[in-house]
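Undergrad: Sequence first, predicted model second:
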Amino acid sequence: MPSSALFRSALLPALVSLPFAVHAQFAGAKAVPNDLKVGFNAISIDDAKKWLGFLAGPECEGRGTGQPGFQKAADFVAGKFKEFGLKPIGDKGTYFQNVPFYRFRVDPKESFLAVGAGGSKIMSSGKFDVSTGGGDVDVMAPVVFVRAKGKGAIPEGVDLKGKIAVIFYEGGRMSNELRRSMFRSGASATLTVEGKVPEASWSVRRGKLEDFKPSERTPTGTISTEAAKSLMKSLEVEEDFATKELAEDGSTSANGTKDVRLVAKTIKEDVGVPNVVGLLEGSDPKMKDEVVAIGAHLDHLGKQGDTIWYGADDDGSGSTALLCVAKAFSLNPVRPKRSVLFMAFCGEEMGLLGSAYYAANPIIPLDKTQCLMQMDMVGRDSFDAQNGDQNRIDKVDENKDTMRLVGSKRISQEYDDIIQDENKYIGFKFKYDAEDVYTRSDHYNFARNGVPIAFQFCGFTPDYHQPTDTVDKINFLKLTNAAKLCYLTLNRVGNMDGKLKRDGSDEKH
């Protein structure tokens, strides 16, 4: 592997000589300052296609946390960090910060659903999964089937207390309204109907495995669509319950005719999975102990059986953009005064667990972290209605140059102002209508600790969390321009004489 100096010297002449038109921005963008142009022009669609092709290809098998494909992706990113001359700041001089996890698997031999106390088993685990906080489950209760659409909550008058709730939710991730109403319902257990049933649930480990004490929270989990329909049939629920038309933001329910026994025996395992971390040292001896940071989550939903959830946009696109930014900074002859911190997190899909671990165990103190730009889903053009907002749907051909900025004004208005100003070199049309996802990516664990954040986010698509989230659907011009905006913004903040003003604003856009 060539050294950083050799890497830069070999590519500088070629990058400088390339015509500017090759490095396209959007319409109306201004020319980039000369002292940043080498790094800016190093961000290329060809690199992005090659790197994302690997990360979201069959070899990485969907990059599921704790699965072999994730480690392949982590090794790939670490190799690129080394190639770009980043300093390894992880454990024992590596690029890896090991995150200690508990993994809870439902024992397939001892877990099942059955009709009645002594009734025959109607399905075994694999068709359903239950997360219990590590304890075993043995619940006998009536079943209530609930369908909710848009912002729908549990229908008024439906009593879930002491019952097993099977929730059909239409509209991507479950709305906050429905989630809250489920938690308040007093149900003995809740199973959300999903196309993919996870193989395990996860939590960040604290202490030793033998010290673990299961939580007393309500058992929650997932059940496959096929299994839910089979359960409906066993409980004599009308066949069209899961498919009949609902009103906008509507919800409905149906009661099963018999009690069901839900048994889930939990296997606890001690597993380590890495965040991938690297540092480009700043040029100012007095300021290089401070950092500007870029984050993306390397994990996705992984592989189950013969099906791979590739995660090209979520978040292969952000991880690829992170690599593009790393290459840009490593090649540019003029470095920012502050250092640049690169973080590719594990465990985001399990609940922002990798970034939560970093925030609790920061390699660079959080009070030395001047800002973070999160890159999560930066490669698609359409926005499919999520979270119940049926009026917020963009047409693909009208969304090719848009990017949603999330959270950029909440802690530091100045940070948002800088992003807006640097965008004159890119030409994005920013939208501020996605604040409902503010808590749903890794930046949130930094924002909670007062670090100014901005989250670049292209929006949801019908392929979100589906095996169809594939590389062929990525807009690589958008992806690379998101990387260029990050490069320019972090360079700007990295050279500021003072710190970003933290005004603590919490505006809703």
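TA: Received, thanks.
Undergrad: where do the helices sit along the stretch 201-350 of the chain?
TA: 225-234, 318-331 (DSSP state H, counting those that start in this stretch).
Undergrad: To V32, which of those lies closest?
TA: Nearest to V32, of all the helices of the stretch 201-350 of the chain, is helix 318-331, at 11.1 Å by CB to CB. Where C-beta positions appear, they are placed from N, C-alpha and C, glycine not excepted.
Undergrad: CA atoms of the closest one as PDB?
TA: The C-alpha coordinates for helix 318-331 follow below in PDB (Å, rounded to 0.1, in the frame of the first residue of the first chain):
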ATOM      1  CA  GLY A 318     -23.400   7.600   3.200                       C
ATOM      2  CA  SER A 319     -20.500   5.200   3.800                       C
ATOM      3  CA  THR A 320     -19.300   5.700   0.200                       C
ATOM      4  CA  ALA A 321     -19.600   9.500   0.600                       C
ATOM      5  CA  LEU A 322     -17.500   9.200   3.700                       C
ATOM      6  CA  LEU A 323     -14.800   7.500   1.800                       C
ATOM      7  CA  CYS A 324     -15.000  10.100  -0.900                       C
ATOM      8  CA  VAL A 325     -14.500  12.900   1.700                       C
ATOM      9  CA  ALA A 326     -11.600  11.000   3.200                       C
ATOM     10  CA  LYS A 327      -9.900  10.800  -0.200                       C
ATOM     11  CA  ALA A 328     -10.500  14.500  -0.900                       C
ATOM     12  CA  PHE A 329      -8.900  15.600   2.400                       C
ATOM     13  CA  SER A 330      -6.000  13.300   2.000                       C
ATOM     14  CA  LEU A 331      -5.100  14.600  -1.500                       C
END
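Undergrad: Report how many residues lie close to the residue nearest to T307 when sequence neighbours are not counted.
TA: With CB to CB, 6 or more residues apart in numbering as the criterion, T307 has its nearest non-adjacent residue at 5.6 Å, and that residue is P467. When counting by other CB atoms under 10 Å, one arrives at 17 neighbours for P467.
Undergrad: secondary structure class for R147?
TA: strand (DSSP: H, G, I helix; E, B strand; the rest coil).
Undergrad: and the nearest residue to it once chain neighbours are set aside, what element?
TA: Closest residue to R147 apart from its sequence neighbours, by CB to CB, 6+ apart: F168 at 4.3 Å. Element membership for F168, per DSSP states H and E: strand 164-170.
Undergrad: That strand to helix 225-234, inter-axis angle?
TA: Orientation of strand 164-170 against helix 225-234 (axes from the mean of the first three to the mean of the last three CA atoms, to 10 degrees) gives an angle of 130 degrees.
Undergrad: List the pairing partners of strand 164-170 within its sheet, with orientation.
TA: According to DSSP bridges, strand 164-170 has the following sheet partners: strand 137-149 (parallel), strand 189-194 (parallel).
Undergrad: partner residues bridging P274?
TA: N98.
Undergrad: So for it, what's the pLDDT?
TA: What the model reports as pLDDT for P274 is 98.
Undergrad: Thought K92 was touching it, still the case?
TA: No - under the criterion of CB atoms under 8 Å, P274 is not in contact with K92, lying 11.7 Å apart.
Undergrad: Tell me the helix or strand right after the strand holding F168.
TA: Strand 164-170 is succeeded, C-terminally, by helix 176-183 (DSSP H and E).
Undergrad: Give the buried residues for that following helix.
TA: E177, L178, R179, S181, M182 (16 or more other CB atoms under 10 Å).
Undergrad: for those residues, which one is nearest G66?
TA: Distances from G66 to these, taken by CB to CB, are shortest for R179, at 24.9 Å.
Undergrad: Could I get the helices of the stretch 201-350 of the chain in TSV, plus columns for mean pLDDT?
TA: Below are the helices of the stretch 201-350 of the chain laid out as TSV (pLDDT from 0 to 100):
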stretch	mean pLDDT
helix 225-234	86
helix 318-331	99
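Undergrad: quick one, which of these is packed in tightest?
TA: With neighbours taken as mean count of other CB atoms under 10 Å, the helices of the stretch 201-350 of the chain reach their highest mean count in helix 318-331, at a mean of 27.
Undergrad: roughly how far out does that one sit from the chain middle?
TA: Centre-to-centre, helix 318-331 and its host chain are 18 Å apart (CA atoms, centre = their mean, to the nearest Å).
Undergrad: before we move on, what about stretch 405-416?
TA: Counting by CA atoms, centre = their mean, stretch 405-416 comes out at 20 Å from the chain centroid.
Undergrad: low-scoring stretches of this structure, by residue?
TA: 1-23, 124-126, 131-134, 150-152, 170-176, 195-217, 247-249, 383-397, 505-509 (pLDDT under 70).
Undergrad: what's the longest helix in it?
TA: helix 476-494 (DSSP state H).
Undergrad: and the strands paired with strand 164-170, which is most packed in?
TA: By mean count of other CB under 10 Å, those have strand 189-194 as the most buried, with a mean of 22.
Undergrad: And the contacts of that strand?
TA: 128, 130, 137, 139, 141, 164-169, 174, 182, 218-225, 228, 242, 262 (CB atoms under 8 Å, 6 or more residues apart in numbering).
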